[in-house]
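Q: sequence first, predicted coordinates after that:
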Amino acid sequence: MKPKTRQYILGRLSSTSQAVSGDTLAQELGISRAAIWKHINALRKQGADIQSHAGQGYQLCSDFFNAATLQDQCSRHHCIGKYIQHFDSLDSSNREAMRQAEAGAKEGTVIFTDAQSAGRGRLGRTWHTTDDALAFSMILRPPLSPEKVPQLSLLTAVALQQSLSQYCADIRIKWPNDLLIKGAKVSGILTEMRAEPGLVHAVIVGIGINIKTPEQGWPDDISQAVTDLQSHHEKAISRLQCAVSVLKSMDQWYHAYLKDGFAPIRDAWWQTHAASGQKVRVHNGKSYIEGVAQALDDDGALLLSTQGETQRIIAGELELLEAQEA
Ligand code: BTN
């Protein structure tokens with residue numbers, strides 16, 4: 001009962017920049033003003049910066065990152081963000097999401113964590129979750145055959161590109177699903193699934209977003225150029241609002257995908273891809289293939305034109321061979 005009441009109070013305070021009176025909250029919840037006051041104090045103890053204004057009521061003053069507010073802001077979504085959890089620390093939010101998916105968690109569950117002891121990236125790499133970063137994983141149960149699942153990574157790249165563009169107008173996708181600002185990585189996506197031939201049980205889509213460069217700098221073992229959103233945006237970025245906006249964009253694209261299929265995603269992806277029509281080099285784990293990025297096919301493979309032939313690249317690391325505009 002109590003967590004629900006606090007969840008309601010947090011959701012209510014975060015839905016407005018104005019103060020909300022104790023009377024109003026008490027009436028809406030059917031409890032006394034004294035009980036409201038006790039809940040407000042409990043929330044303050046949990047870290048919420050709630051100020052009291054005489055004669056006006058309570059106001060949530062800072063960006064308090066919490067599952068209740070996030071879930072409240074996603075309450076009108078079709079699917080993604082309907083159930084939200086927030087952990088201080090996990091091994092990896094993708095692993096936790098997979099554990100929960102195997103135990104029957106609902107589609108649309110999103111798991112946020114402030115820190116990861118074993119955060120994972122693509123191609124077996126480590127993913128560092130620095131302070132102020134966003135790290136979260138979504139549980140999806142799409143009615144798809146396993147071969148189509150890579151389309152969800154491309155969908156996620158498009159949704160991220162659109163929502164993060166509010167902070168920086170020059171965010172581009174790099175195949176298959178890195179998000180770059182002027183050639184440096186600002187966000188990455190790791191998609192994993194549980195499936196049997198012909199049937200997907202669960203897809204876990206994990207997202208890491210660099211919001212700020214850590215004070216001590218980036219860890220030494222990062223081989224790629226990295227950047228953060230805040231360096232490209234004048235006003236302070238709210239982690240909470242950034243998360244809400246990514247989930248909203250994800251929910252809209254996922255809903256449209258289930259209704260209209262992959263074609264609109266492929267078009268949007270191609271328009272914002274950093275190397276569409278340009279010279280690239282792809283390392284497929286064994287060798288390098290050089291060519292011009294020609295198109296993206298329905299399975300998310302990159303079509304490269306190499307000396308008059310078209311090669312279909314299904315996995316690897318892409319390098320842009322033409323300079324990006326500064
Ligand atoms: C990449 O670009 O290599 C993918 C990075 C994905 C990182 C995110 S952070 C949240 C989720 N949990 C993980 O362990 N990885 C993903």
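A: Here it is on my side, so go on.
Q: going along the chain, name the strands of this protein.
A: Taking DSSP state E, the strands of the chain run over residues 50-53, 57-60, 83-87, 109-113, 134-140, 171-174, 178-181, 184-196, 199-209, 279-283, 288-296, 302-306, 309-313, 317-320.
Q: near the ligand, which residues of the stretch 1-150 of the chain are found?
A: Contacts of the stretch 1-150 of the chain with the ligand, taken as CB under 6 Å from any ligand atom, map to 92-94, 116, 119-122, 125, 127, 135-137. Where C-beta positions appear, they are placed from N, C-alpha and C, glycine not excepted.
Q: which of the strands of the chain has the lowest average pLDDT?
A: With a mean of 87, strand 317-320 has the lowest mean pLDDT of the strands of the chain.
Q: in that strand, which residues are buried?
A: 317-318, 320 (16 or more other CB atoms under 10 Å).
Q: which helix runs longest in the protein?
A: helix 239-260 (DSSP state H).
Q: sorry, back to before: between the buried residues of strand 317-320, which is nearest Met98?
A: Glu317 (24.3 Å; CB to CB).
Q: how many neighbours does the closest residue in space to that closest one that isn't next to it in sequence have?
A: Of all residues not flanking Glu317 in the chain, His283 sits nearest, at 4.7 Å (CB to CB, 6 or more residues apart in numbering). Residues near His283, counting by other CB atoms under 10 Å, number 13.
Q: for Gly316, what are its contacts?
A: 282-285, 289 (CB atoms under 8 Å, 6 or more residues apart in numbering).
Q: columns distance to the ligand on top of the buried residues of strand 317-320, output as TSV?
A: Listed next are these as TSV, based on distance: CB to the nearest ligand atom, whole Å:
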residue	distance to the ligand
Glu317	10
Leu318	12
Leu320	16
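Q: can you redo the residues you listed as CSV with distance to Val20?
A: Compiled in CSV, these are given as follows (distance: CB to CB, whole Å):
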residue, distance to Val20
Glu317, 50
Leu318, 50
Leu320, 50
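Q: the residue of the stretch 1-150 of the chain found nearest the ligand: what's it in contact with?
A: Across the stretch 1-150 of the chain, the shortest distance to the ligand (CB to the nearest ligand atom) belongs to Gly121, at 2.7 Å. Gly121 is in contact with 127, 188, 190, 208, counting by CB under 8 Å, 6+ apart.
Q: for these, pick the one with the most neighbours.
A: Most crowded among these, counting by other CB under 10 Å, is Gly208 at 26 neighbours.
Q: just to revisit the earlier point, tell me the pLDDT of the residue of the stretch 1-150 of the chain closest to the ligand.
A: 93.
Q: kindly report the same for Thr5.
A: pLDDT at Thr5 comes out at 89.
Q: the one 4 residues further on now?
A: Reading off the confidence values, Ile9 has pLDDT 91.
Q: pretty sure Ala35 is one of the things it touches, is it not?
A: No - at 10.5 Å, Ile9 does not count as touching Ala35 under the criterion of CB atoms under 8 Å.
Q: quick one: buried residues of stretch 283-291?
A: 289, 291.
Q: now do the contacts for Gln224.
A: 184-185.
Q: redo that, cut-off 6 Å
A: Residues near Gln224 by CB atoms under 6 Å, 6 or more residues apart in numbering: Lys185.
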